[in-house]
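1. Here's my sequence, what's the structure:
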Amino acid sequence: MKDVSALSKQYIRVIVKAKDENGVDIVIGSDVVEFAFMLNGNDPTDLDWKAGAWGAANVARILIGPGTAAALTAGNQYQVWVRVTDNPEVPVLKVDALNVT
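-> From the prediction side, this is the model:
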């Protein structure tokens, strides 16, 4: 679990690994990537997803904090989810937890 301040504007980064049928790493930076931040062990619904972006080499990222689409509330713990939209696959991954102070 990572601690973050509700006052901080910063990137949350997640490495997303993908392999082809032969076990060779695939670079997936052109696929749509989204994040969801969920309370109380809830699974995300379509309305919970926020647009992310790709950094270098399969690193998905989203800016969180005041003035962003993902302004998180102090005193809460959030489960972080990532969804990558490819064709035909759309993996949904539970990746981390954030403690917002």
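
2. wait, what's in contact with Leu93?
-> Shown in contact with Leu93 (Cβ atoms under 8 Å, 6 or more residues apart in numbering): Val14, Val16, Trp81, Val82, Arg83, Val84. In short, each C-beta sits where N, CA and C put it, glycine included.

3. so it sits in a helix?
-> No. Judged by DSSP: H, G, I helix; E, B strand; the rest coil, Leu93 forms no part of a helix; its state is strand.

4. among the contacts of Leu93, who's most crowded?
-> The residue in those with the most neighbours, by other Cβ atoms under 10 Å, is Val82 (22 neighbours).

5. residues contacting it?
-> Here Val82 is in contact with Val14, Val16, Val33, Glu34, Phe35, Gly52, Ala60, Val92, Leu93, Val95 (Cβ under 8 Å, 6+ apart).

6. Filter those down to the buried ones and express that as a PyMOL selection.
-> Burial among these is assessed by 16 or more other Cβ atoms under 10 Å; the matching PyMOL selection reads:
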select buried, resi 14+16+33+34+35+52+60
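
7. give me the number of residues near Asp48?
-> By the measure other Cβ under 10 Å, the count of residues near Asp48 is 15.
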